[in-house]
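Enquirer: got a predicted model here, sequence first, then my questions.
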Number of protein chains: 2
Amino acid sequence: MSDFRAVIVDVDGTVVLGDDPIPGAPDGVQRLRDAGLDLLFLSNNPTRRRAQYVERLTPHGIDVDPDRTLTAASVTGEYLAAEHPNDDLFVIGSPGLLDGLRDRGLTVDATPADADVVVGSMDRSFDYETMTRAMWALDDGTTFLGTDPDMTIPTAERAEPGTGAILHALGGVTGREPDRILGKPSRTAAEAALDRLDVPAEDVLVIGDRLDTDIELGRRAGMTTAVVLSGITDRSDLDAAEYAPDHVLDSLADVDELL
Amino acid sequence: MSDFRAVIVDVDGTVVLGDDPIPGAPDGVQRLRDAGLDLLFLSNNPTRRRAQYVERLTPHGIDVDPDRTLTAASVTGEYLAAEHPNDDLFVIGSPGLLDGLRDRGLTVDATPADADVVVGSMDRSFDYETMTRAMWALDDGTTFLGTDPDMTIPTAERAEPGTGAILHALGGVTGREPDRILGKPSRTAAEAALDRLDVPAEDVLVIGDRLDTDIELGRRAGMTTAVVLSGITDRSDLDAAEYAPDHVLDSLADVDELL
C-alpha cells in the first residue's frame, strides 16, 4: 500500500484531453479513491471556475465535490480576497476569471491611474489597447500578479497563447517581472490545496503531465511526484529535465504502479 | 573643424518631440549642414514611411531629401526585398509598414501554414487572434524578424507599447528569440545608412537620444557617438551606462561643441 493519504491530480493532459477522457484515466482515478486516498483536482486553467471542472469531469464518470477542485482562477480569487480585499484591481482576464473575482466582492475594473494591483491572465479579448492601459497601470507602486505561468494553452485544434504570453508582453514594456504568479507551481497554489486536504505535504502525491508546473509544485512543497506521459511531456523531456519525478507513468491507467 | 564627413541624426527625442521641434534643434541641424556635413535622418519608428518624415521635418524649416531619410520600416523593406523577395510573409505591423512592403512587391498576408517569414512590429490592431496566428506561423522552419527593438513608443500623451512588447509576447509562447531585428542598433540599419552616405563608418558621427539604439548603433559600427539629453536619456542614465558616448549634449542646440 501507498504511504500517501491524499493526491493532487492535474486535469488537462492528465484526466482529459479537451472534451475527451484519456483512455483508462477515469478508471485510474477510481482506483486511487478505492485505495482510500483523498483526491483534489488542481488545474492551472485561469479561465474556468471550479463548478466548470465539476461539469467537465462528471460526464466521464468522475464525481467531484466542488470543494475538491481548484483552478488558477479560484486560487487567484482566494489570494486577492485575502491580501487585497479593498484594493482597486486592473484585471486582464477571461469572463470566467472576472465573474469569479466580482462574486468575491472585488473591484476588477480600475482605471490605469487608480489601479493598486494589475492581474495578468489569459484573455481572448486581449488587444493593443488593453496592453497599453495595463502598461500605464503598472507604475512603480503597483503590485503585478499573474494567475499562472503557462505560455500556451492546449486546445482541441492546437495551442493558443496563455497567461505567460501576456505577462511576457507586459514585462517587456514595463521592465518588471510579476511580483507573484499564483497558479502551479506556486507555494500559494500548494497551500490552497493542502488547506483543503488538511494533511502535511509529505503525505501527498501530485500527479500531472507538466514538469514545470505539476511536478515543480510537488518538488517545491516536498510532495511525492508522478508525471504522466499522456499530455505535454514525453520521455525525451524527462531525459533533459534537471529534476526527475519520483514516478513516471504512461497515463493514469497505470496508477496501480503507485499503490 | 570636425573630422566627420557625414552625420546620422535620430528624429524623435533629438529633433522633434511629437509635433513640436526641440528648441534650437532645427538651427543645430542647419549648422551641421553649414559645416559641410552630409546628413541622414534615421528613425526607429516602424509605422512611418520615409516620405512621412520629410513631411514631419519640413514644417520646422528642415529640408530633407527622401533619399536621406531611413526608418525601421524602410530598412525592413529593403532587407526583405533583398533576402526574402519570393517568400510568403506573415507581417504583424502598422498600415504604414504593410503598405511599404506591398509597394516593394512583397506578399504580406501569408496564412500561418504557408508563412516562410514572420515579421513582428508595433501594431495598434494587435490582438489575441493575431498573436495566436503568429504563434502558429512561427514553427521551427520559419524565419522570425522584428522591425526594431523598442519596447515603448513615446507619444504626446505617454508611452505606448512598441515592437519590443509584441516580439516579447511571441518569443514567450514560441520559446524563440527573433533571428534578426532590423532597426537601430542593427548592423543592417548601419549599413543601409552608410550605403546612402557613401563614406566609411569612421567618418560618421551619430547623434541621438537613446543609448540602446542610437549610440549602440554607432558603437558597434565604429562611428563617433553623441547623445542628446533632449529625449529619453538623462545624466543618471549616463552614469549607469556601460559604454560612454564620445560626446554629451543637452540638445542639438549645442551642436557647435562638436564642430
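Expert: In hand now; what should we look at?

Enquirer: tell me who's in contact with the residue of chain A positioned farthest from its centre.
Expert: Of all residues in chain A, residue A:113 has its C-alpha farthest from the mean position, at 29.9 Å, by Cα atoms, centre = their mean. Residues near residue A:113 by Cβ atoms under 8 Å, 6 or more residues apart in numbering or on different chains: A:136, A:137. Backbone N, C-alpha and C define where each C-beta goes, glycine included.

Enquirer: for residue A:70, helix, strand, or coil?
Expert: Judged by DSSP: H, G, I helix; E, B strand; the rest coil, the three-state class of residue A:70 is strand.

Enquirer: number of nearby residues for residue A:188?
Expert: 18 (other Cβ atoms under 10 Å in any protein chain shown).

Enquirer: tell me which helix or strand it sits in.
Expert: helix A:187-197 (DSSP states H and E).

Enquirer: following element in sequence after that helix, please.
Expert: Assignment by DSSP H and E places the next element after helix A:187-197 at strand A:204-208.

Enquirer: what strands line up against that following strand, and which way round?
Expert: Strand pairing for strand A:204-208, determined by DSSP bridges: strand A:6-9 (parallel), strand A:224-228 (parallel).

Enquirer: export those strands to TSV and tack on mean pLDDT and mean neighbour count?
Expert: TSV is the format used below for the strands paired with strand A:204-208 (pLDDT from 0 to 100; neighbours: other Cβ atoms under 10 Å in any protein chain shown):
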stretch	mean pLDDT	mean neighbour count
strand A:6-9	98	26
strand A:224-228	98	25
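
Enquirer: which one of the ones you listed lies closest to residue A:134?
Expert: Evaluated over the strands paired with strand A:204-208, closeness to residue A:134 peaks at strand A:6-9, with 31.5 Å, by Cβ to Cβ.

Enquirer: extract the C-alpha trace of the closest one and format it as CSV.
Expert: The C-alpha coordinates for strand A:6-9 follow below in CSV (Å, rounded to 0.1, in the frame of the first residue of the first chain):
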residue,chain,number,x,y,z
ALA,A,6,-4.1,12.4,-0.5
VAL,A,7,-3.5,13.0,-4.2
ILE,A,8,-3.4,16.3,-6.1
VAL,A,9,-4.5,15.5,-9.7
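
Enquirer: C-terminal to it, what's the next element?
Expert: strand A:16-17.

Enquirer: tell me the mean pLDDT for that next one?
Expert: Here strand A:16-17 scores 91 as its mean pLDDT.

Enquirer: that one: what's the following helix or strand?
Expert: The first helix or strand that comes after strand A:16-17 along the chain, using DSSP H and E, is strand A:20-21.

Enquirer: ends of stretch A:226-245, how far apart?
Expert: 6 Å (Cα to Cα, to the nearest Å).

Enquirer: enumerate the positions of it that are buried.
Expert: Applying a neighbour-count criterion of 16 or more other Cβ atoms under 10 Å in any protein chain shown, one finds A:226, A:227, A:228, A:229, A:230, A:231, A:232, A:233, A:245 buried in stretch A:226-245.

Enquirer: want to throw the strands paired with strand A:204-208 into JSON lines with distance to residue A:35?
Expert: Putting the strands paired with strand A:204-208 into JSON lines (distance: least, Cβ to Cβ, whole Å) gives the following:
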{"stretch": "strand A:6-9", "distance to residue A:35": "9"}
{"stretch": "strand A:224-228", "distance to residue A:35": "14"}
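
Enquirer: how close does the residue positioned nearest the centre of chain A get to chain B?
Expert: Central residue of chain A (Cα atoms, centre = their mean): residue A:44, 1.7 Å from the mean position. Counting by Cβ to the nearest Cβ, to the nearest Å, the gap from residue A:44 to chain B is 15 Å.

Enquirer: quick check, pLDDT for that residue.
Expert: Here, the pLDDT recorded for residue A:44 equals 95.

Enquirer: which residues does it contact?
Expert: A:10, A:71, A:72, A:148, A:149, A:150, A:183, A:184, A:210, A:213.

Enquirer: and which of those is nearest residue A:238?
Expert: Among the contacts of residue A:44, residue A:210 lies closest to residue A:238 (Cβ to Cβ), at 12.1 Å.

Enquirer: spit out the contact partners of that closest one.
Expert: Contact analysis of residue A:210 by Cβ under 8 Å, 6+ apart lists A:10, A:13, A:44, A:184, A:231, A:232, A:233.

Enquirer: same question, residue A:3
Expert: So residue A:3 contacts A:203, A:224 (Cβ under 8 Å, 6+ apart).

Enquirer: test my guess that residue A:62 contacts residue A:15.
Expert: Yes - Residue A:62 is within contact range of residue A:15, at 7.1 Å (criterion: Cβ atoms under 8 Å).

Enquirer: who touches both of those two?
Expert: Shared contacts of residue A:62 and residue A:15, defined by Cβ under 8 Å, 6+ apart, are found at A:26, A:29.

Enquirer: so these two - more neighbours on which side?
Expert: Between residue A:62 and residue A:15, counting by other Cβ under 10 Å, residue A:15 is the more crowded of the two (29 against 23).

Enquirer: skipping adjacent residues, who's closest to that one in space?
Expert: The shortest distance from residue A:15 to any non-neighbouring residue, by Cβ to Cβ, 6 or more residues apart in numbering or on different chains, is to residue A:25 (4.9 Å).

Enquirer: and the pLDDT for the one you found?
Expert: In this model, residue A:25 is scored at 97, pLDDT.

Enquirer: again, but for residue A:55
Expert: Taking residue A:55 on its own, its pLDDT is 89.

Enquirer: go on, the one 3 residues further on?
Expert: The per-residue pLDDT reported for residue A:58 equals 92.

Enquirer: how near is the residue nearest to the centre of chain A to residue B:237?
Expert: 39 Å (Cβ to Cβ, to the nearest Å).

Enquirer: so where's the stretch 151-259 of chain A shaky on pLDDT?
Expert: The stretch 151-259 of chain A contains residues with pLDDT under 70 at A:156.
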